Structures are given as structure tokens and as C-alpha cells.
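Chemist: 3D model of this:
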Amino acid sequence: MNSKIPALTQASSPQSLEEFLKEMEKEPKTFRWDALLVFDRFAANKLLTQEYIDRIGIEDEFFPTLPDDKVKAGNGIEHVFIGLELDKPLLSFENADIQDPLGKLQMRLVGGKHLEVIERYLDGKPVRVVNALKVYNAATFGLLDMKIRLLQAKGSVDGSGTVLLDVGTAFDHMFSGGGSDLEKKQLGTYFEQVFAAWREKNVKFTQFPLSEIVVAEGSPINPGRFILGTHTAQGGDVLGSENYGNGAVVVFVAMKGSIDGGIPSGNGALLYMLPDAANAYTSNLVLSQKFLAKIIRSGLDKFEWIRGKFDVVALAGDYYKFVANASATTHVAFQYSDHGNGGSLQPWRWQLSVNGVNPQLFTKGDELVFSGRSLKTRWHSTSVVGTVVYFIQVGSAGRTRTLEIYATTSIDASYTCTLSDAGLLKFKLADDFKVTVDVSIEDNWGDGDGPDDARESSKAILGGLESTLRVAFRKNAEEIMDVEFEVDALRLNNLLFRGENVVDPRDVSMPTDLTLLGNLAPKRTSLVISPSEPIVASGQVIDFTAESELGGVTWKVENLPGEKGETGGFSDSSNGRYTAPSDVALRAEGHRRLIVTATRGELVSRALVSVVPSQVTVNPWVAVVNVGMSHSLSAATPHPAGLTWDTPELGTVAPDDDLLNPGGYKYTAPVRLPTRDESDPLCYLALRLDPVTVHSAAGGTAATIDMLVVGSKNPNYWLEPKALPDGSVELPFYRVNRTGGKVTVPEPVEWTVLRGSGTVDPVKRVYTPAPNNSEQYVIISAFYDDGVSVDTVDYVVLPLPFVPVRRYAEILNPAINEVCDGE
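Modeler: This next block holds a predicted model:
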């Protein structure tokens, strides 16, 4: 690939259409690529978002199922990620710079749990306990962002027409959304680890299915490879200019069998392909003159009289022309007959007849050339096109002669490109069409009055044939207008977008390369809903607006395809005020997603609404903290009114000064636990649950973070939970005896479910969750009552629903984990 093409100076202000075409006339502009697809960056991102929402319920085969994995944080702390689930990926274009164009592939984290596990050694063996639990769903608004250097991300089309973008060089796997910066980095590290393991095992996950395109065998318009880029608009990099920040997405396309072109060395090296207009252009298809010549030649072959008779010839400077490799002769059914007689002393009579002619349309070496924004014919020929059968009788002597008919012709035609009613490209014969025909007949008439009279009468042949040939040649020239040279090239837009007829073409011209300017999916990008991806609480009222110069918008809300449940609704379909549902499914799932649609005539726009039980999202949901120690907390709300943090009963909350938790709060546990009341469970001697409540200032249901404060606790007492196949959890309770051995803690043991439902069978020491519960976790304590000690206690945080038996064992039992890692 040639990337050393020198930079030129780009115009600093927007160009009019005519200025743009004059610039296009100066030289080819595609850098030897077969085609350039150019889209306004804002419109492209808008359409990609709309298509993302359209397909939100359709499964994409991009990422394999995410494995459970861990991230080591040091000091015996590990972050374990279980059942993480990513939503459909969304591609966007982040800048406008041809030298370093950046894209972003974004996927929402819509499911899974994050456990902070602390390891300690008991009985000489490591034992792990869950120290904090975070739950992910759409409400947390977690986003995995992968930056893509677009010039390194090669695009291709496979045999089935799937458009693939290789994102194997993606970098900065950054997690954003709810949680602290530390948590985001941990998640980013998790994904980097997973990607590295997939690469090592040759798991296919870097081929992002960008779109689909119809593969038409034998068609010249079958893209093979492409590169995505972005380009700064004129003045787009000048702070304060009218165009500041504006730019285009550029798709550099090589058809199958073609070689890749070069990449411009800078923004100024590439002409900005979206000229200024009152009704702004948001798309442009540019076909190189070389590729256009190939398509035209293919189109010409549909006509018998011209098939295979023109070669495409390369000229200096990446210009091309067509040169005839043979002459083309056509039959014209010209019929003529006449007769005459005379003479008194010596009678004479004659007869003339012509039975069709075969003129040449062009001869070897004739040309079709690109000139003056059109394709011009320069065809000339001089040839014998037929014969006149001439009978002459003078007196009793008669004879028949065959006289050759000569024709010197020239055809000068100009073809401009136009759009058919179906939106396809075709030729239009310009008004300056000109045919000259000069016909003559071999002068072998003989001498005398009879031949002289026949010669004079033959002038009617000349006039009639010249007129007939002009009509016939024009018909041949007009046939070329039927070349809809399969451009259905708008099909190329499916390299980036999935929708049909995504471009509304407006203006086409052939200044050098062909340029087809238009608007990108006006039916989907002219009407814009705001907000486009809101998070709302159950029962909340939110006002949607739709940017439309035409007004008169109709609103509706629907479930995702295949889903059921309450959707909420608009009390007035002509008003954007929406009330979210109060759905019992929210308590079990944590969130629901709905699609809001705004329409006006043919204009359609959609928004993806995530409905959550509360206005407030918190991280973590539960955490363990020792007396006198602190733990970072974070919360978020989609409402601009902000959050209010209540003061907990035992500890304190205050803004966090940790740079990794910007905008977050910090919980600080009391230095000692309060005295236990007689009615309290025995575990209150060593630990307490201290909930932290966070409210949205706008009202609605609050969210709670459970802080488990641990005081005096004997580390030689511990629980080793074992998940059972029926969904219950066995809770073996151990201690270390005086000889250092691991033994079961004897009775009496008091079991307390500190948070959540369900019961513990004290005899079997098995926890059974309550039926049909919608809880994300439970906290259980076990206290050995020897009548004296206050620290013979342990606790466990169990995520719900329970993970498979073996995996739960892996999390809390390093020995098993090592065995599994070795499998």
C-alpha cells in the first residue's frame, strides 16, 4: 500500500457543488481505490445507533460466551467475574482525521457478578471469603469500550456476503459507567486477559460482523477488501470556525480481484467529498475512473454491435479511455428502387435498386473518452456500405452493373450520468449529439442520355440514405443510454450499514471520477429522538423530544421482539411524555428494556429505554469492612437532580478523596461495635449490618448498600460453603484445634440470615433459599456459643442465583481452582 502520497492544501472553507466539481476535474481523487464511500460522520453514527436499536433483539455471533475469570489485585485479593454478559456491539467513529482515524466498539454489560475475594491461610491451606459483591445489569450502565485504529482494522467480505472488520488490534479496553475507576480498570484487565487467552487458543472473536451485502456472482461490483477512515471537513480543525468538529467517514474499497490503493498522507491530501449545500449532502459514492471504465465496458457488452470491440487503455496520471480494437458494422434496412426511360431516335431505359446497407459505426482505433464531465464518442469511418444494382438498356443492348455506395460518417455524442427512477445510474445522451454522413456512389454509369438520367436520379438515393443513416446511428447511440451499469452500486453502502436503500441519491456527475452525492438514510436520520438511550425508574415520567423541522410526531412504546410484559406508555401519542411501567419483572431481572418509536410520515427514529427498579444504581451492593476501616462506594442516577446519601446508623459516609473514585463516597466503619441487646443474635457481638441508603433528589425508590462491619473475629473459625445440585448450599463450619488440625465446630451454633430470605437447617447446616425469590445475594453468619467467647464467628456472602457447584468451589477453594486450570 502506498501511504506516501503527498499532502495538498485543503480549502479552509466549505466548497459549493460547482467548486467541488471543478476540483474533481483536476485529477483522479480515489488514490487508486476502486471506490470511496463517504458519509457525514454525525449522520453515520446516528444511523449506526438506529440500526443497533433495530437489531437489539437479534443475536450476533461475534463474541463467544464470556468465561468466568479472575483479576489479581495483590495482598491476597482477587476480583472474580462470573457470568458476565455483553450486549450487541455498537460501532461509532470518534474523530475526523485521515492520519489517525479512530473508531470505538462499545458493548453494554447487561449481566453478571463481580466478587471481591480475600484469601487467608487456615489449617495451613488457603481459604477464600467473599468481601464484596457487585451486580451488573443495564441499570449500572456499564460499557466496555475498545478503541480501534481504523487504518489497522482491515475489512473484508466473505463468500456468504458477511462484512467483517478485523478488530484484533483494538486497544484501551476501558470499562466505563457505574463504579470507581479502579473497578473499571479491573474489568478492563479482565477483558484483556480473556482476549489474550482467546488469541492463544485461536478462538475467533476479532472478526466483527459489521454488516451483510448481497454477493452477485459475475458482477463487477463485488467488494473484496476495504479500510475505514475519517476525514476533517474544511475548517473542521479550526477552533471557532463554522465547521469545527465536522467531518466524514470514508470507506476505501477494493473490489474482488483488485489491489488496494493508497491512504492520503494528511487531511489536505484528500478532497473533502461532501460539498456545501442548502440541503446538506451527507453521502457520496465516488467510483474511480478506472473502475468506472470497467463497469461501462461490461455494460456495453450487452449490445451485439459493440460487444468486445473496445479495450480500456490506461493513460498517464490514472486516466483511462476506450479504444476500438475492431470496426463495428451494422445492417440498415434501406430499400430503394426507381426506373426511367426516354429517347426517340434511340430509346433507353434504366432501373436502380438498393436492398439494404451495412455501414460502419466506428473503425479500429476510434475512441470513447472521458471529457467535460461526460463520456464522448469520437467515431469516424469511410467504407463501402452497399451497392446500387444498375440496369441500363440503350436500343436493344442492355447490361447490369453493380455500383458501390461509399459512406463517410462521424458520430460525436456526449453521455452524462443520470439517475433512473429506480435510483440506478445510467447514461443520458446530451443535446449536442451530432452525426455527419456523406454518401457517394461509384461513378461508373456510362455515357449517353440514359446513364446521365440515371446518374441524376441517383441523387435521391444519396439524400434518402444519408437521412436513414443519421436516424439509425442516433438509435445506436441512444441504445447506450440503456446501460444501467449495474450501479446498483448503492449496494456498496451495505459495507457499513445494514438497511436497504440507505442512501437517497440526488446529484451525479463525472468530472473525472464519478461522484454520486445524496443523503444518508433521511428516513432514519432526519428525525432524532432525545434522549436516545435513557435509564428510567419504574413508574417514572420522562419527556422525549424529537428534532424535526416538519413537526407532527407520533409516539409509541413496545417490548423487544420476543419479550412480554408491561411497557408503560404515552397518555397522548402526539406528546413525548412517557410513563415507565411498574413491572414485577424488574425485581427479578433488575431491569427491562423497551423501544420507543417516533414517526412522522416516512420518518422513523427509535430510542432504547432501560427501565430499572430505582432511580439509583449503586456499587457495590454489599461489602465487608473491619471496624475503623473505610470502603469506597459509588452511586449514579439518570436524573440531573443528583443524589442524597443518608447517614448510616453506625458508620459515616463522606465524599471520597480517592482519585480512582471521582465523585464517589467513602464509608468509614465505627472503631468499635455497639453493645449487643439481649434480643439480638449472638453474631452481633462480632459483626453488624450497617445499610447505607442513597436517594435520588428527584424522588422515587432508594437504593441500599449493605456494609457488613466486622469487629472482633477469631480467624481460626471459618465457613467453607459448598453449592449443592438442588440449589441449596452446605455450610461446613470449621476451626483449628490446639494441635493445628482442622475440625468441625461442635454445637451449639447459632445461624443467622443477616440479609435475604431462606433458612438454614441447623442440624444439616444447609442453607435453602426461599422459593421464587428475586434476591441477588444473601449474608449468613454462624456463631459458636461456648458461653464465653465473643469472636467465634464467621460469615459468608452468597451470590444468587448460585453459580454451578464446581465453579463456586473454584472461587472459594484454590486447590480445586488449580486443578481446573490445569485441565
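
Chemist: Now the helix or strand hosting Tyr406: buried residues?
Modeler: When secondary structure is defined using DSSP states H and E, the element that contains Tyr406 is strand 397-412. Of the residues in strand 397-412, those buried under the neighbour-count criterion (16 or more other C-beta atoms under 10 Å) are Leu403, Ile405, Ala407, Thr409, Ser410, Ile411. For glycine as for every other residue, the C-beta is placed from the backbone atoms N, C-alpha and C.

Chemist: Show me what it pairs with in its sheet, parallel or antiparallel.
Modeler: Applying DSSP bridges to the sheet, strand 397-412 is found paired with strand 374-394 (antiparallel), strand 434-441 (antiparallel).

Chemist: Select, out of those strands, the one closest to Glu78.
Modeler: With distances scored as C-beta to C-beta, the stretch of those nearest to Glu78 is strand 374-394 (69.2 Å).

Chemist: Tell me the buried residues in that closest one?
Modeler: Judged by neighbour count (16+ other C-beta under 10 Å), strand 374-394 contains these buried residues: 374-381, 383, 385-388, 390, 392-394.

Chemist: Kindly reformat the strands paired with strand 397-412 as JSON lines containing distance to Ser16 and mean pLDDT.
Modeler: Putting the strands paired with strand 397-412 into JSON lines (distance: least, C-beta to C-beta, whole Å; pLDDT from 0 to 100) gives the following:
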{"stretch": "strand 374-394", "distance to Ser16": "21", "mean pLDDT": "94"}
{"stretch": "strand 434-441", "distance to Ser16": "31", "mean pLDDT": "94"}
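
Chemist: Specify the stretch among those that is closest to Glu775.
Modeler: Between Glu775 and the strands paired with strand 397-412, the tightest spacing by C-beta to C-beta is seen for strand 374-394, at 72.9 Å.

Chemist: From the chain's centroid, how far away is that closest one?
Modeler: For strand 374-394, the distance between its averaged C-alpha position and the chain's averaged C-alpha position is 59 Å (C-alpha atoms, centre = their mean, to the nearest Å).

Chemist: try stretch 701-709
Modeler: For stretch 701-709, the gap between its own C-alpha mean and the chain's C-alpha mean amounts to 40 Å (C-alpha atoms, centre = their mean).

Chemist: With only the CA atoms kept, save that stretch in CSV.
Modeler: Taking C-alpha atoms only, stretch 701-709 is exported to CSV below (Å, rounded to 0.1, in the frame of the first residue of the first chain):
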residue,chain,number,x,y,z
THR,A,701,-37.3,4.3,45.4
ALA,A,702,-34.0,4.5,47.2
ALA,A,703,-31.1,2.0,46.8
THR,A,704,-29.2,0.4,49.6
ILE,A,705,-25.6,-0.7,50.0
ASP,A,706,-25.1,-3.3,52.7
MET,A,707,-22.0,-2.7,54.8
LEU,A,708,-21.1,-5.7,56.9
VAL,A,709,-19.0,-4.3,59.7
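
Chemist: can you pull the buried residues of that stretch?
Modeler: For stretch 701-709, by 16+ other C-beta under 10 Å, it's Ala702, Ala703, Thr704, Ile705, Asp706, Met707, Leu708, Val709.

Chemist: From Asp658, how far out is the last one?
Modeler: This means Val709. Shown here: Val709 relative to Asp658, a distance of 20 Å by C-beta to C-beta, to the nearest Å.

Chemist: before we move on, what about the fourth one?
Modeler: To Asp658, Ile705 is 16 Å away according to C-beta to C-beta.

Chemist: Could you count how many residues lie near Lys125?
Modeler: Neighbourhood size, Lys125 [other C-beta atoms under 10 Å]: 10.

Chemist: so it bridges to which residues?
Modeler: When bridges are assigned using DSSP bridges, the partners listed for Lys125 are Leu122.

Chemist: Low-confidence ranges, the stretch 151-300 of the chain, go.
Modeler: Scanning the stretch 151-300 of the chain for pLDDT under 70 picks out the ranges 173-181, 204, 235-245.

Chemist: in it, which spans are helices?
Modeler: When secondary structure is read from DSSP state H, counting those that start in this stretch, the stretch 151-300 of the chain shows helices at 181-200, 289-300.

Chemist: The chain now?
Modeler: For the chain, the helices defined by DSSP state H occupy 17-26, 41-54, 181-200, 289-300, 449-457, 459-479, 522-525, 585-589, 805-812, 814-821.

Chemist: All set now, cheers.
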